[in-house]
Structure formats: structure tokens, C-alpha cells
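In: Based on what follows, work out the 3D shape:
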Amino acid sequence: MPSPIAHSTTGYAIAAFLRTVTRGRLSVSPGYAILIANAPDLDFVLQILTGERYHRTFTHSLTLAIAIAASFAYVTRKDAFKSIFWLTLTIYGSHLGLDMLSQGGQGIQLFWPWLTTDIISPIAVFPSVRHGLGLWSATHLIFISFETLYSLLLLKLLRRWQAAQQPLKRSSKGNQKNKITPHRKHM
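Out: A predicted model of the protein is given here:
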């Protein structure tokens, strides 16, 4: 399963992408995007407190994703309910999608409570991590290296795309720099 590195970067990138597409009409803080992108993994707190397995169950479902999106949209500006709902659902959903793309993962209960079968993509993008080996296992270097590379590439693509969305601003600034203006004679 991806770590907070990949989840945070993906949530941030989605928020930045949508902010650019909507020309700032749909904008949330990076902190909000990162919190929502990592929210499904807060189930580990329940697991620690109760000893029961909660990870990748109800917090990794579309049901809770919709409930979280509706709740956050409801407590924000009423005129922005629809926008905040879809943005929050997309960012929360990105976590679910990334978790389904893991090699060797157990999958997630995407359709909980109606279907408690673990669902996983047949295509694995993220390498597996072996939690039982401890936090400082050398095998985690592959996992962390992959996620760091994924994050850097995603941010690079985002920056290039954002730069491509502003060609007129740059060309008009460049024209002003090279524009020849007549000098006034002082008398």
C-alpha cells in the first residue's frame, strides 16, 4: 500500500490541478488536500485502541468517501457545496485508487457495507511493503525510492502542465521587456 508520501503528493496535485483548471474558483489549502488524501488511513487509530482489524475496511469505502465529502462540503460555504463535495470526494477517492494499485496488497472493501470482499486491481503500480520486517528494514528503501520518484514525477508533470496553461502571460511579459519605447527629450 502506498505510504503518506504518495497519498499526500497525489492529493496536493489533484487540488493544484483543479485550482488551475477552474482559474482559482475551486481552491483549497494544500493542508486540506493532504489531510483528506490521508484520511482513510486514520483507521489505524481504531485498530490500536480496539485490537480489531479496521484497516482497509469502512474507511476505504465509497460509502465513507461520500459521507466525508458531504460533511466537509456542508460545513463550508453553502454556495460552494457542490464544488467542495466533488473536490473532497476526488481527493479522498485518490487514496482508495492508489491502495488498489498495490503489489501484494490485500485490497480494500470499496463497496462496504454492501460488499465486504476485498477489491484489488489486477495491475500493480506500487511495490509491496513488508510491515513485519520493522520500520528500518533495508527492503523499504525500494518502496520509499519508488514513492519518492512517483512524487517527483507527478509534481514535475503538474508544474509543466501549469506552465503550459499560461503561455499568453509569459509572452506578453516578454514582449514588454523587448518593446522599444521612444525617449523623451528633456528641455
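In: Would you mark the buried spots in the helix ranked longest in the chain?
Out: In the chain, assigned by DSSP state H, the helix with the most residues is helix 140-164. By neighbour count with 16 or more other CB atoms under 10 Å, helix 140-164 contains the buried residues His140, Phe143, Phe146, Glu147, Tyr150, Ser151, Leu154, Leu158. Bear in mind the C-beta positions are built from the backbone N, C-alpha and C, glycine included.
In: repeat for stretch 35-45
Out: Buried residues in stretch 35-45, counted by 16+ other CB under 10 Å: Leu35, Ile36, Ala37, Asn38, Ala39, Pro40, Asp41, Asp43.
In: So for that stretch, first residue to last residue, what's the gap.
Out: 15 Å (CA to CA, to the nearest Å).
In: Number the residues from 12 up from this point.
Out: Sure, I'll start counting at 12 from here, so that last one is stretch 46-56.
In: ok, residues contacting it?
Out: When contacts are defined by CB atoms under 8 Å, 6 or more residues apart in numbering, stretch 46-56 is touched by residues 15, 18-19, 21-23, 25, 65-71, 75-76, 79, 83, 99, 102-103, 105-107, 110.
In: likewise stretch 24-31?
Out: Residues from elsewhere that reach stretch 24-31 (CB under 8 Å, 6+ apart): 37-39, 41, 43-44, 48, 98, 101-102, 105, 165-166, 169, 172-173, 176.
In: Assign a three-state SS to Thr127, would you?
Out: coil (DSSP: H, G, I helix; E, B strand; the rest coil).
In: Next, count neighbours for the nearest residue to it once chain neighbours are set aside.
Out: In this structure, Thr127 finds its nearest non-sequential neighbour in Gln120, 5.4 Å apart by CB to CB, 6 or more residues apart in numbering. Neighbour count for Gln120, taken as other CB atoms under 10 Å: 22.
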